[in-house]
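*Asks:* Generate coordinates for the sequence data below:
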Amino acid sequence: MEIPTKLRWGILGAARVNERLMPTIVEASNSELVAIASRRPGAAAETLAKYAPHQQGVRCYDQPEVLLADDAVQAVYLPMANHEHAEWAVRALQAGKHVLCEKPMALTAADIEAIATAARERGLTVMEGFMYRFHPQHARVQEIVRSGAIGEVRYARASYSFMMRPARRYRLARDVRHGGGAMWDIGPYAVHSLRWCFEQDPVAVTAMAKYVESGADIATSGVIDFGDGRRGHFDISFECARRSEYEITGTLGGVKCHTAWQNPGDIPVISWWTEDGRQCLEQLPVANHFRLEIEHFADCVLNGKPPLLSLDDARTNCRTLVAALESAASGRTVRLDA
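*Replies:* Below you'll find the model as predicted:
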């Protein structure tokens, strides 16, 4: 039996992320775009025409259920609204499709467990879509840390923000319990990158937030306790200039990733320093982290490999986000190790 060389993708939703996502599926060496669906009449066809105008033979559906019934689709990318991720991930798995789900995978750890059960029962692959982790610049940061150049990691800081334009106010339409606000939108990046900096699970979270009338947070800041005095500080906001950076400080120096949200063609820059006087600024090769993510997931499915980001990773990230929101609402520290 001939082993397929390309994974056949369907996209469940006409979300803005398709601007980056759709061309990378088309360009990926081991992937093929075969379908897209949206509940807005005509939106799937419009999205295809806008972001992949020369792609032929892609089926456009006005009902996501029809895409899930398409036998040609092997895997789906799921960029629906945050509160819909868990339901549609399970539905896709039940339909026999592998799932790459836009972050956050779900709003509760229980929902992620349901996704894990559905995937396990059918032998399917699921991964949360943190595209930034596939950019080679983070491997270079990790190499510097693991070399011992900056000593033992003690603190980290993550800042993710952009000014909310009127056309994107829908992100604030729902309260935090239903997936609205900055913490569920860009907060997953902050939590995930801090967890990656320390390479261990957090034990407690303390946070504070600014809310809008809907009950969504427009900005949240906090501290994640990783034990033994190791802390990660985060600030995320829809009312600050665009940032996507993290910085790690150790006992002998520090290292900074200046831009985690890399656009195609951007030149990645990281900097690091040590107490003995070394100051280094490194420019790294251009890379498309969306394409690398798509190719990684396709390789995992086609060759039976485990994905870089596990469901345990998704579960821990979700629990930390929920704890941050609970802390901001209650004004107290929320423990994760109880």
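*Asks:* Centroid-nearest residue for this structure?
*Replies:* F130 (2.7 Å; C-alpha atoms, centre = their mean).
*Asks:* hang on, isn't that residue packed against I186?
*Replies:* No - using C-beta atoms under 8 Å, F130 is not in contact with I186, being 11.9 Å away. Backbone N, C-alpha and C define where each C-beta goes, glycine included.
*Asks:* Overlap in contacts, these two.
*Replies:* With C-beta atoms under 8 Å, 6 or more residues apart in numbering applied, the contact sets of F130 and I186 do not overlap.
*Asks:* quick one on the thing from earlier: which residues does the residue nearest to the centre of the chain contact?
*Replies:* Per C-beta under 8 Å, 6+ apart, neighbours of F130: 103, 188-189, 192, 293, 309.
*Asks:* wait, what's in contact with A44?
*Replies:* Per C-beta under 8 Å, 6+ apart, neighbours of A44: 14, 36-38, 60-62.
*Asks:* among the residues you listed, who's most crowded?
*Replies:* Neighbour tally across the contacts of A44 (other C-beta atoms under 10 Å): the maximum, 30 neighbours, falls on I36.
*Asks:* and the closest residue to A207 other than its chain neighbours, what helix or strand is that in?
*Replies:* Nearest residue to A207 in three dimensions, chain neighbours excluded: G222, at 3.1 Å (C-beta to C-beta, 6 or more residues apart in numbering). Element membership of G222 [criterion: DSSP states H and E] is strand 217-225.
*Asks:* From the chain's centroid, how far away is that strand?
*Replies:* Chain-centre distance of strand 217-225: 17 Å, with C-alpha atoms, centre = their mean, to the nearest Å.
*Asks:* what about this structure, any weak spots by pLDDT?
*Replies:* 1-3 (pLDDT under 70).
*Asks:* State the paired neighbours of the helix or strand encompassing C60 in the sheet, together with their directions.
*Replies:* Element membership for C60, per DSSP H and E: strand 59-61. Applying DSSP bridges to the sheet, strand 59-61 is found paired with strand 31-37 (parallel).
*Asks:* Past the strand it pairs with, which element shows up next along the chain?
*Replies:* Sequence-wise, the next helix or strand downstream of strand 31-37 (DSSP H and E) is helix 43-51.
*Asks:* what sits up against the strand holding C60?
*Replies:* 34-38, 44-45, 48, 67, 70, 72.
*Asks:* For the nearest residue to W272 once chain neighbours are set aside, give the beta-bridge partners.
*Replies:* Excluding the flanking residues, the one nearest W272 by C-beta to C-beta, 6+ apart is V255, at 3.9 Å. Under the criterion DSSP bridges, V255 forms beta bridges with I248, W272.
*Asks:* What about V255, how many residues nearby?
*Replies:* 27.
*Asks:* which ones are touching it?
*Replies:* 141, 144-145, 150, 247-248, 270-273.
*Asks:* In this protein, mark out all the helices, start to finish.
*Replies:* Secondary structure of the chain (DSSP state H): helices at 18-27, 43-51, 64-68, 85-94, 109-122, 136-146, 182-185, 187-198, 289-303, 311-330.
*Asks:* Of all those, which one is nearest L172?
*Replies:* Minimum separation from L172 across these (C-beta to C-beta) falls at helix 182-185, 8.3 Å.
*Asks:* on contacts alone, who are the packing partners of the closest one?
*Replies:* strand 217-225, strand 231-237, helix 311-330 (3 or more C-beta pairs under 8 Å, 6 or more residues apart in numbering; DSSP states H and E).
*Asks:* how distant is the second one from the center of its chain?
*Replies:* Distance of strand 231-237 from its chain centroid, counting by C-alpha atoms, centre = their mean, is 16 Å.
*Asks:* got the buried residues for that strand?
*Replies:* 231-237 (16 or more other C-beta atoms under 10 Å).
*Asks:* before we move on, the earlier item: dump the helices of the chain into a markdown table; add distance to R8 as well.
*Replies:* Listed next are the helices of the chain as a markdown table, based on distance: least, C-beta to C-beta, whole Å:
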| stretch | distance to R8 |
| --- | --- |
| helix 18-27 | 10 |
| helix 43-51 | 15 |
| helix 64-68 | 12 |
| helix 85-94 | 14 |
| helix 109-122 | 17 |
| helix 136-146 | 27 |
| helix 182-185 | 30 |
| helix 187-198 | 28 |
| helix 289-303 | 10 |
| helix 311-330 | 23 |
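*Asks:* and S161, which of those is closest to it?
*Replies:* helix 182-185 (8.1 Å).
*Asks:* Format the CA atom coordinates belonging to that closest one as CSV.
*Replies:* Output of helix 182-185 as CSV, limited to C-alpha atoms (Å, rounded to 0.1, in the frame of the first residue of the first chain):
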residue,chain,number,x,y,z
ALA,A,182,-7.7,39.5,25.9
MET,A,183,-6.8,36.7,28.2
TRP,A,184,-8.5,34.1,26.0
ASP,A,185,-7.2,35.8,22.8
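*Asks:* Name the residues that touch it?
*Replies:* 82, 104, 107, 171, 176, 209, 216-220, 236-238, 321, 324-325, 328.
*Asks:* Now for E27, how many residues are close by?
*Replies:* With neighbours defined by other C-beta under 10 Å, the count for E27 comes to 15.
*Asks:* For F198, give me its contacts.
*Replies:* 153, 156, 226, 230, 232.
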